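Undergrad: Sequence unavailable; structure follows:
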């Protein structure tokens, strides 16, 4: 493969990771309605805002064409927020995604 092929593959991979990070960021904002629930622990709320700030921040663990760190942090925030909401709400009020 020549240099142009690798450049195109890297650009496509960067675009795919950017789309995945943006999709997860939208999902995190959609999940923010869980933050209104008074029973959600402060740790889960803080993790939500930390994930949002980290995703839009220019400071990253990996350089910005590589969005794997952003995707990982957003996934952890979503999982933590949903598990905290499930632990607080009784089974009759739980909504299936």
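TA: Yes, it's here. Everything numeric in this text was worked out from a predicted model, so none of it was measured.
Undergrad: Run through the protein and note the low-pLDDT ranges.
TA: 1, 32-38, 64, 89-97 (pLDDT under 70).
Undergrad: What ranges does it have for its helices?
TA: Using DSSP state H, the helices assigned to the chain run over residues 3-30, 42-56, 68-88.
Undergrad: Return the distance of the nearest residue to residue 61 once chain neighbours are set aside relative to residue 51.
TA: In space, and not counting its chain neighbours, residue 61 is closest to residue 69: 4.5 Å by C-beta to C-beta, 6 or more residues apart in numbering. For glycine as for every other residue, the C-beta is placed from the backbone atoms N, C-alpha and C. Per C-beta to C-beta, to the nearest Å, residue 69 is found 11 Å from residue 51.
Undergrad: what is in contact with the two at once?
TA: Taking C-beta atoms under 8 Å, 6 or more residues apart in numbering as the criterion, residue 69 and residue 51 do not both touch any residue.
Undergrad: neighbours of residue 57, just the number please.
TA: For residue 57, the tally of surrounding residues (other C-beta atoms under 10 Å) stands at 9.
Undergrad: hmm, I was thinking of residue 53
TA: Using other C-beta under 10 Å: residue 53 sits among 11 other residues.
Undergrad: returning to what we had before: in terms of neighbours, single out the busier of residue 69 and residue 51.
TA: It is residue 51, of residue 69 and residue 51, that has more neighbours when counted by other C-beta under 10 Å, with 23 against 16.
Undergrad: what sits against that one?
TA: With contact set as C-beta under 8 Å, 6+ apart, residue 51 has these partners: 28, 73, 74, 76, 77.
Undergrad: so what's it closest to, chain neighbours aside?
TA: Once chain neighbours are set aside, the closest to residue 51 by C-beta to C-beta, 6+ apart is residue 77, at 3.5 Å.
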